[in-house]
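Engineer: With the sequence up front, the predicted model follows.
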Amino acid sequence: MMSAQPKHKYTLEEYLEMDRQSEERLEYWDGEIFDMSGASEEHGEIEANLAIYLGRRLKEGGCRIFLANTRLKVPSLPPYRYGDTSASCKQAQFEKIGGVDVLTNSSLVIEILSKSTEAYDRGLKFSHYKSIPSFCEYLLIAQELPHVTHYIKQDERVWNQREYTQLDEVVQLVSVRCEITLRELYESVTFQEIKPRLRPLE
């Protein structure tokens with residue numbers, strides 16, 4: 001019986017070269033490379049709303065927003081990750097890794113959830129984001145319905161969590177001293193009908 005061909009394991013050097021040359025957002029994990037681009041229309045709308053509404057308020061407050069093509073240094077998960085949006089009110093600090101600029105001091109990271117990445121964004125990626133010394137606020141935005149999960153760091157071991165599900169609710173982003181409503185986040189987004197994945201009785 002023939003055995004399955006093993007997957008090609010990429011070296012970190014191979015990944016860095018591929019990511020430099022690619023127009024897509026590629027992430028490296030234990031020798032494998034994953035394409036983090038290919039977002040849905042809803043994802044694109046939410047990302048644009050963040051850039052418009054949050055970007056304007058951050059600029060007025062002397063803070064700065066970084067979009068999805070910004071590489072974030074995550075010390076416990078080298079060489080870097082891509083967040084959908086990030087922000088900071090401090091002077092941006094960058095480090096050269098593999099010939100590209102990598103942001104080292106984001107305080108807020110925002111991920112727009114999809115079926116393929118939600119478990120990763122809520123679990124392992126969040127755990128590794130915590131190794132960023134300046135990181136203290138995390139926002140997870142669902143696409144299919146109004147649902148935002150907001151984490152605020154209290155100390156090294158404790159993060160407060162709050163859920164938002166109404167369009168008129170206001171999310172207070174404490175690390176960047178501004179706010180945004182769910183109505184603004186979801187402007188122009190068409191929600192899909194969600195059905196429970198349960199097996200009906202015969």
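Structural biologist: Nice, thanks for sending it over.

Engineer: Find the helix or strand that the spatially most central residue of the chain is a member of.
Structural biologist: Taking C-alpha atoms, centre = their mean, the centroid of the chain lies closest to E111, which sits 2.9 Å from it. Assigned by DSSP states H and E, E111 belongs to strand 108-112.

Engineer: which stretches of this protein form strands?
Structural biologist: Here the chain has its strands, by DSSP state E, at 26-29, 32-35, 64-66, 71-72, 81-82, 85-88, 94-97, 100-103, 108-112, 137-141, 148-155, 158-164, 170-173, 178-181.

Engineer: just checking, what packs against the fourth one?
Structural biologist: For strand 71-72, the elements it packs on are strand 81-82, strand 100-103, judged by 3 or more C-beta pairs under 8 Å, 6 or more residues apart in numbering; DSSP states H and E. Using the backbone N, CA and C atoms, a C-beta is placed for each residue, glycine as well.

Engineer: try it again with 7 Å
Structural biologist: strand 100-103 (3 or more C-beta pairs under 7 Å, 6 or more residues apart in numbering; DSSP states H and E).

Engineer: before we move on, what about the third one?
Structural biologist: Taking 3+ C-beta pairs under 7 Å, 6+ apart as the contact definition, the neighbouring helices and strands of strand 64-66 are helix 55-60, strand 85-88.

Engineer: Out of these, flag the one nearest D30.
Structural biologist: strand 85-88 (23.7 Å; C-beta to C-beta).

Engineer: Surely F34 touches E27?
Structural biologist: Yes: F34 is within contact range of E27, at 5.0 Å (criterion: C-beta atoms under 7 Å).

Engineer: out of those two, which sits in the busier spot?
Structural biologist: Just comparing F34 and E27: by other C-beta atoms under 10 Å the higher neighbour count belongs to E27, 19 against 12.

Engineer: mind checking how far the more buried one is from G83?
Structural biologist: E27 is 11 Å from G83, where distance means C-beta to C-beta, to the nearest Å.

Engineer: Also Q166?
Structural biologist: Q166 is 25 Å from G83, by C-beta to C-beta.

Engineer: With neighbour numbers in mind, choose between these two.
Structural biologist: More neighbours surround G83 than the other of Q166 and G83, with 25 against 11 (other C-beta under 10 Å).

Engineer: Tell me where the model's unsure across the protein.
Structural biologist: Residues of the chain that meet the criterion pLDDT under 70 lie in 1-7, 38, 193-202.

Engineer: who are the neighbours in contact with I180?
Structural biologist: 53-54, 171 (C-beta atoms under 7 Å, 6 or more residues apart in numbering).
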